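Asks: Here is a sequence together with a model predicted from it:
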Amino acid sequence: MSLAYMGAACVSSAPIGQAEDVTVLDNSSLPSPPERSIASSREGGTLAPGDTVTMQVYGAEDFTASAQIEDDGLVEFPFTGSINAAGMRRSDLAAEIARRLSPQILLDPQVSLEVENGAARQITIGGEVERPGFYSSTQANSLLRSVVAAGGLTDAAERREVLLIREVKGRRYIGVFNVTAIERGNYGDPPVYSGDVIMVGESALLRKISIYAPLVSAVTSPLILLDRVLTR
């Protein structure tokens, strides 16, 4: 059975980005986060805001402490003061802590760190994808990769209007992307960074087709779904 749609070529969309702190941009001008955040997204071995770091000093159990890396990249342990940890590797942070503790506090301290990755290493994918949820930004590092990681788009997805939501310096930006055009190489696959949110909207037309099509499964002649029928 063949399906054809005659009628409106474009599906009207609900308003996007009407809040005062939101800016809606086309695919070419979505701003990138600060360089430090980019490094933390792409390098699996580096620390990022949101990570929880537990410090242990061999032979000095009283110095065991945990702290979370703040949004500005700083973390602080007893006697160390604030350390700009975002973008550092775990071994580099351990060496910096040991340097600050020695020799005034401890003599030749042997510092080890345990890191629990926080939400800053994740992106969120929702809407018309097969498996909505949270995904690692080290793997899902572009829009298409993110969609694939989430199992692909559903049959009812609005492929021409995929939203990429990002917060940069306290302001939210929304990029509107046409996934089909990206797949065809008409423009580049935009990068995705830690903290980004991808939302795939529903195509009202495709949803209605998916509802009506089973009702006519016994029809052998070509079916034409007219706009006036679909919108009753």
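Replies: Cool, got the structure. All of these numbers come straight from a predicted model, not from anything done at the bench.
Asks: Only the buried residues of stretch 81-92, if you could.
Replies: For stretch 81-92, the neighbour count (16 or more other Cβ atoms under 10 Å) marks 83, 85, 86, 87, 88, 90 as buried. The C-beta positions use only the backbone N, C-alpha and C, and glycine is treated the same way.
Asks: Can you show me the helices along this protein?
Replies: Assigned by DSSP state H, the helices in the chain fall at 35-42, 90-101, 143-149, 179-183, 204-212, 227-230.
Asks: For residue 134, see how far away residue 200 is.
Replies: 15 Å (Cβ to Cβ, to the nearest Å).
Asks: oh, I was asking about residue 83
Replies: Remark: distance between residue 83 and residue 134 (Cβ to Cβ) = 28 Å.
Asks: What of residue 152?
Replies: According to Cβ to Cβ, residue 152 stands 17 Å off from residue 134.
Asks: next one: residue 122
Replies: 5 Å.
Asks: what do you get for residue 124?
Replies: Applying Cβ to Cβ to residue 124 and residue 134 gives a distance of 6 Å.
Asks: higher neighbour count, those two?
Replies: Neighbour totals were compared for residue 124 and residue 134, and residue 124 leads with 16 against 13 (other Cβ atoms under 10 Å).
Asks: Contact partners for the more buried one?
Replies: Applying Cβ atoms under 8 Å, 6 or more residues apart in numbering, one finds that residue 124 lies in contact with 133, 134, 135, 196, 197, 198.
Asks: Hmm, residue 123 and the fourth one touching each other?
Replies: Yes. Between residue 196 and residue 123 there is a contact under Cβ atoms under 8 Å: 4.8 Å.
Asks: Name the residues contacting each of these two.
Replies: With Cβ under 8 Å, 6+ apart as the test, residue 196 and residue 123 both reach residue 137.
Asks: where does this structure dip in pLDDT?
Replies: For the chain, the stretches with pLDDT under 70 are 1-29, 34-45, 118-120, 138-139, 204-232.
Asks: try it again with 80
Replies: 1-46, 48-50, 71, 117-122, 136-140, 169-170, 203-232 (pLDDT under 80).
Asks: Which stretches in it count as strands?
Replies: 3-6, 22-25, 52-57, 65-68, 74-77, 81-84, 111-116, 122-127, 133-136, 157-168, 171-177, 197-202, 223-226 (DSSP state E).
Asks: Walk me through which strands the longest one pairs with, and which way each runs.
Replies: Here the strand partners of strand 157-168, with direction, are listed using DSSP bridges: strand 171-177 (antiparallel), strand 197-202 (antiparallel).
Asks: what's the answer for the fifth one, then?
Replies: Sheet partners assigned to strand 74-77 using DSSP bridges are listed as strand 81-84 (antiparallel).
Asks: what does the partner strand rub up against?
Replies: 73, 74, 75, 76, 77, 93, 96, 97, 100.
Asks: hmm, try it at 7 Å
Replies: Under the criterion Cβ atoms under 7 Å, 6 or more residues apart in numbering, residues 73, 74, 75, 76, 93, 96, 100 lie in contact with strand 81-84.
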